[in-house]
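Participant: Give me a 3D structure for the following:
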Amino acid sequence: MRETTMDILLRMGIPASVKGLTYICDAVELFDTDPYYPDGKICSLYMDIAKKNNTTASRVERAIRHAFETALTKGNQELLDKYLDTANTQNSNLLRSLYFRLQMEYKKTTKRNQCSAVTCEIKKQIYQEAMEVFHDELELALQKLMDSVESGYMMKV
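Facilitator: Residues are numbered from 1 along each chain as shown. Next comes the predicted model:
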């Protein structure tokens, strides 16, 4: 999840040199590990990120705000609209909307890539049948090749 978040934030227009970029990624990771954060307690989120990065909660809050402000003023508007709620630009709202939209995107791609027991069984059966047909055709082609080689050899002898 961190790599996806980092990629999206960079494409949004947050420079890699901005500390808030890594703090936002830390926040998304914490949101993912504990449902307590996205539901409310952003202050404790800042404190936990600060402890992890050996800084203060106020510096974390300010760095995240700066990163979002940079993206909102200079960033890719299409991606901003896709991942952030740009009507309410408070850190807590931007972090939550980013997290929830990343989650929705992840669930969509995971659903598409998963198969149910029935569809997996059908795919397995189709694959098996295709391999049997391929095997039979290959065996027939090899037999024809062997016959032509033998008949050519017999003519020379």
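
Participant: Report pLDDT for residue 66.
Facilitator: Per-residue pLDDT puts residue 66 at 95.

Participant: helices or strands up against the helix or strand encompassing it?
Facilitator: Here residue 66 sits within helix 57-74, counting by DSSP states H and E. For helix 57-74, the helices and strands in contact under the criterion 3 or more CB pairs under 8 Å, 6 or more residues apart in numbering; DSSP states H and E are helix 2-12, helix 19-33, helix 42-53, helix 91-113. All C-beta spots, glycine's among them, are computed from the backbone N, C-alpha and C.

Participant: rerun at 7 Å
Facilitator: Here helix 57-74 touches helix 19-33, helix 42-53, helix 91-113, going by 3 or more CB pairs under 7 Å, 6 or more residues apart in numbering; DSSP states H and E.

Participant: in whatever helix or strand comes next after that helix, what counts as buried?
Facilitator: Using DSSP H and E, the helix or strand that follows helix 57-74 in sequence is helix 77-83. Buried positions in helix 77-83, judged by neighbour count with 16 or more other CB atoms under 10 Å: 80, 83.
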